[in-house]
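Visitor: Sharing a model that was predicted from the sequence below.
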Amino acid sequence: MTDSIGSLLALLMAHLGGDFLLQGKAWVQSKKNLQHRSPALYKHAGVHALLSLVALLITQQPWGSAVAGALVIGATHLGIDIVKSHLPERLGYFLLDQLLHLLMLLSVWLWLSEPWAALTAFGQWLLRPETLLTLLAYLLITRPLSILIALVMRRWSAQVDNRSTLADAGARIGMLERFLVLTFVLAGEWTPIGFLLAAKSVLRFGDLREDRDRKLTEYVLLGTMLSFSLTLMLGLGLRTVLDAAP
């Protein structure tokens with residue numbers, strides 16, 4: 001099982017190295033401008049094939065299997081990148097591109113290693129009530145809790161002028177804050193939560209002192225305290241359940 005996981009990790013490292021460390025801006029610009037006619041596109045796919053071959057060989061895969069796996073990874077990487085080169089630069093397309101690459105790496109890994117014991121163990125862990133409860137908590141602190149907080153704060157939202165703020169930035173910041181707070185609570189680390197709350201308060205200290213946008217400052221701090229309080233209660237409740245589980 002350890003050797004099998006090592007092969008997957010080596011393939012992931014090869015992918016990260018090829019996609020982000022060994023791909024210069026000139027190659028990226030060439031692929032964007034020339035699309036499927038760009039030589040950089042094929043060089044990039046060749047780099048991935050070579051790195052994947054090295055990754056498979058150092059994890060003691062047979063030569064024939066390693067070469068076949070590397071060729072599959074290089075060819076599919078080329079195909080995915082050709083399609084991507086015709087699409088605009090958007091976050092969604094970037095994430096989809098990386099997801100497809102990772103799925104191909106996972107497919108090659110499954111084909112070469114046949115790590116069914118590891119996958120069975122992972123499936124059993126994933127379906128444990130403790131794991132599902134933890135995943136449920138992380139899902140709750142995203143959009144559902146954002147909607148709840150927005151409904152609670154609605155009575156004050158009409159009193160503040162937030163035209164100078166980034167659209168939807170507050171909701172995204174709140175989700176990141178809650179993710180960190182829940183993670184720290186489950187890890188039993190309380191000090192970082194204090195630093196996080198202090199940092200958020202310091203951001204508005206100047207406005208409070210100089211009486212600029214005082215209502216907006218109070219609105220943001222109130223929303224922050226509500227977000228932190230709800231996440232802390234959720235995290236503490238989850239820890240109590242997890243600690244009591246056999």
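Guide: Here it is on my side, so go on. Numbering: from 1, shown residues only.

Visitor: Pro88 in helix, strand or coil?
Guide: Applying DSSP: H, G, I helix; E, B strand; the rest coil to Pro88 yields a three-state assignment of coil.

Visitor: show me what contacts it?
Guide: Pro88 makes contact with no residue under the criterion C-beta atoms under 8 Å, 6 or more residues apart in numbering. (Glycine included, C-beta is placed from N, CA and C.)

Visitor: Could you do Thr224 as well?
Guide: Going by C-beta under 8 Å, 6+ apart, Thr224 touches Gly174, Glu177, Leu197, Lys200, Ser201.

Visitor: Export those residues as CSV, with columns for neighbour count and pLDDT.
Guide: Supplementary listing: those in CSV, determined by neighbours: other C-beta atoms under 10 Å; pLDDT from 0 to 100:
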residue, neighbour count, pLDDT
Gly174, 22, 86
Glu177, 20, 90
Leu197, 16, 81
Lys200, 17, 73
Ser201, 15, 71
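
Visitor: With respect to Phe122, which of these is nearest?
Guide: Comparing the contacts of Thr224 against Phe122 with C-beta to C-beta places Glu177 closest, at 29.8 Å.

Visitor: Spit out the contact partners of the closest residue to that closest one other than its chain neighbours.
Guide: Leaving aside its sequence neighbours, Glu177 sits nearest to Ser227 (C-beta to C-beta, 6 or more residues apart in numbering; 6.1 Å). In this structure, Ser227 makes contact with Leu145, Ile149, Gly174, Glu177, Arg178, judged by C-beta under 8 Å, 6+ apart.

Visitor: quick revisit: return the member of the contacts of Thr224 nearest to Gly92.
Guide: Distances from Gly92 to those, taken as C-beta to C-beta, are shortest for Gly174 (21.4 Å).

Visitor: phi, psi of the closest one?
Guide: Dihedral pair for Gly174: phi -60, psi -40, per degrees, to the nearest 10.

Visitor: Per-residue confidence, the residue nearest to Glu177, what does it come out as?
Guide: Looking at Ser227, its pLDDT is 90.
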